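Undergrad: Fold the stuff below for me.
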Amino acid sequence: MFRLSKGEIFRGKHDFNAVHSRGRSFANHALVILVVSDERYNGKVGFAAGKKLGGAVIRNRVKRLMREAYRLNKNYLRRDCGMILVGRKFLTTAKFKDAEKAFLDLCRRAKLLN
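TA: Residues are numbered from 1 along each chain as shown. Modelled structure (predicted):
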């Protein structure tokens, strides 16, 4: 099975806060993407789902959907920026194809696609 390596994923509160404070945000009904162009975060990604979405099982499902949408399309994305994907309520009941479509739509708007 294909996985994201540990070097590709944001770890720690410091990295999330840095992207959150300096990044540009793009949003739609399903996701929010925070993008930062910084050489320290090249090609890194983080996934977040707040407690407002529901319990741990639901939040983990939302993060799995976002992670899979990113993993399948990461070869089409620019590698010179870091991003954080934040799930919204729509993803708690969405199918994978809807999540992937919402992700690609935001990537187009953010000009992240090659």
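Undergrad: which ones are touching residue 46?
TA: Under the criterion of C-beta atoms under 8 Å, 6 or more residues apart in numbering, the contact list for residue 46 reads 9-10, 15-16, 19, 82-85. C-beta coordinates here come from the backbone N, C-alpha and C atoms, glycine included.
Undergrad: which helices and strands does the host helix or strand of residue 58 pack with?
TA: Using DSSP states H and E, residue 58 sits in helix 56-73. Helix 56-73 sits against strand 45-48, strand 82-87, helix 96-109, with contacts defined as 3 or more C-beta pairs under 8 Å, 6 or more residues apart in numbering; DSSP states H and E.
Undergrad: who wins for proximity to residue 3 among those?
TA: strand 45-48 (12.9 Å; C-beta to C-beta).
Undergrad: after the lowest-mean-pLDDT helix or strand in the chain, next one along is what?
TA: Sorting the helices and strands of the chain by mean pLDDT, DSSP states H and E puts helix 13-22 at the bottom, at a mean of 91. Counting by DSSP H and E, the element after helix 13-22 in chain order, helix or strand, is strand 24-27.
Undergrad: how close does the closest residue in space to residue 68 that isn't next to it in sequence get to residue 75?
TA: Leaving aside its sequence neighbours, residue 68 sits nearest to residue 96 (C-beta to C-beta, 6 or more residues apart in numbering; 6.5 Å). When distance is defined by C-beta to C-beta, to the nearest Å, residue 96 is 18 Å away from residue 75.
Undergrad: ok, the two, which is more surrounded?
TA: Remark: of residue 96 and residue 75, residue 96 carries more neighbours, 12 against 8, as counted by other C-beta atoms under 10 Å.
Undergrad: So that one sits against residue 67, correct?
TA: No. Residue 96 is not in contact with residue 67 according to C-beta atoms under 8 Å; the separation is 11.0 Å.
Undergrad: about what we covered before: any idea of the angle the least confident helix or strand of the chain forms with strand 82-87?
TA: Angle of helix 13-22 versus strand 82-87, following axes from the mean of the first three to the mean of the last three C-alpha atoms, to 10 degrees, is 90 degrees.
Undergrad: from the chain's centre, how far out does helix 13-22 sit?
TA: 14 Å (C-alpha atoms, centre = their mean, to the nearest Å).
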